[in-house]
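> requesting a structural model of the entry that follows:
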Amino acid sequence: MHRPAGKYFLSLVVTGLVVFLVVSTTIIFALSSLQRLNIYDIGVATLYAGLVVWVLCFLLLFSASSWRKRLESYLPLEVRGQGVRDHSRDFLWAIMISGISLSLCGYVVINTSQRLGIRTPDPDASPYVGSVRRELNSHMEIAKQWQEDADLHDATIWIGDNLRWIVSSTFCSASLSNRYLSIDTNADGSLTSESYTANSPICHTEPIIDDDWLLDSQDAIDIFAQNPEIRICLMANQENEGIFFDYTRLTLRRLSLMPNEPVVWVLSLPSSCTDDKVHFMDARTGEIIIRDQ
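Modelled structure (predicted):
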């Protein structure tokens, strides 16, 4: 005797929901022990877990007709062939629907994380860093309010955890040779600025303009990370509990005080790294520049 259609449908929904919650909770707990876990990882794991569940259930349902005949062979003779419902098959349908739901949720999470710029922590890839060029647009607005002729002298992006700042920049003015403006994008995204007076002029180099550099901070990190030793150091979990000048940082500046010097990206690694040298790269071409400091 069949159950009412409403109760039968409700039982399928409840079964599928329970399976969905159990599988998704298991995925989260299983991945929570991994370091540097992000929502992209959860999305990928959920997507593939849902696909695995769906494929397994589909394969089982494909051969369900033979299963049904075997199950009916165990029933009393008087009820065989009378439309007895195959609850095992119904249960598989509920689980398969849960697998589809898991895959859809994983797909949504992956798309969301990609829009937010979150990447998989691949040990063979470089870490994700913010865009210095984008941050400098906001910094330039503040600098122009300070002095109309303000020009960029240098910009630094900080890399690691527990950072006080994300991007720091220095602006100089030709009309104020002994003063400069420091601007910080703080860890919470807010902007702070302060003007300082130096004992002697600090802006000895030519100002940096947009045409002087083509490679943004992520481009520079990707090129630097092609060196295995640098990549290992960059991917290490830097807690940044030391003094600020020992942080991992990437600085955009002129190569030296000499005229017509190129704008370079300077990667400074902390002393805790096996490779704690300072590395230089042309900000237009990506060419690595070999020099002592």
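> tell me the phi and psi of Ser182?
phi -110, psi 130 (degrees, to the nearest 10).
> look up the residues forming beta bridges with it.
For Ser182, the beta-bridge partners under DSSP bridges are Thr170, Glu194.
> does it really touch Ala198, like I thought?
No. Taking C-beta atoms under 8 Å as the definition, Ser182 is not a contact partner of Ala198, at 11.2 Å. (Glycine included, C-beta is placed from N, CA and C.)
> more neighbours: which of those two?
Ser182 (15 against 12; other C-beta atoms under 10 Å).
> run through the residues that contact the more buried one.
Shown in contact with Ser182 (C-beta atoms under 8 Å, 6 or more residues apart in numbering): 168-170, 193-196.
> check the spacing between it and Leu176 real quick.
14 Å (C-beta to C-beta, to the nearest Å).
> what is the neighbour count of Asn199?
Neighbours around Asn199, by other C-beta under 10 Å: 6.
> what's the spacing between it and Ala174?
19 Å.
> tell me the bridge partners for Ile289.
Going by DSSP bridges, Ile289 forms beta bridges with Phe280.
> that one: neighbour count?
14.
> tell me the contacts of it?
255, 264, 280-282.
> residue ranges in the protein under the pLDDT threshold?
1-39, 57-95, 98-99, 113-126, 201, 236-246, 274-276, 291-293 (pLDDT under 70).
> how's it carved up into domains?
Per the record, the chain has its domains at 5-115, 132-289, by automatic domain parsing.
> now the end-to-end length of the longest one.
Yep, that's domain 132-289 we're talking about. 21 Å (C-alpha to C-alpha, to the nearest Å).
> what of stretch 224-233?
Terminal residues of stretch 224-233 lie 11 Å apart, using C-alpha to C-alpha.
> ok, back up a step: of the contacts of Ser182, keep whichever come out buried.
168-170 (16 or more other C-beta atoms under 10 Å).
> now, which of those residues sits nearest Ile42?
Ranked by distance to Ile42 (C-beta to C-beta), these are led by Ser168 at 32.5 Å.
> before we move on, the earlier item: nearest to Thr156 among the contacts of Ile289?
Among the contacts of Ile289, and counting by C-beta to C-beta, the member closest to Thr156 is Val264, at 12.8 Å.
> for that closest one, name its beta-bridge partners.
Counting by DSSP bridges, Val264 is bridged to Arg253, Asp282.
> what's the burial count for it?
25.
> just the buried residues of stretch 41-60, please?
So, applying 16+ other C-beta under 10 Å, buried residues of stretch 41-60: 41-47, 49-50, 53-54, 57, 60.
> distance check, Asp211 against Ala283.
11 Å.
> can you flag which of the buried residues of stretch 41-60 belong to strands?
Among the buried residues of stretch 41-60, no member is found in strands (DSSP state E).
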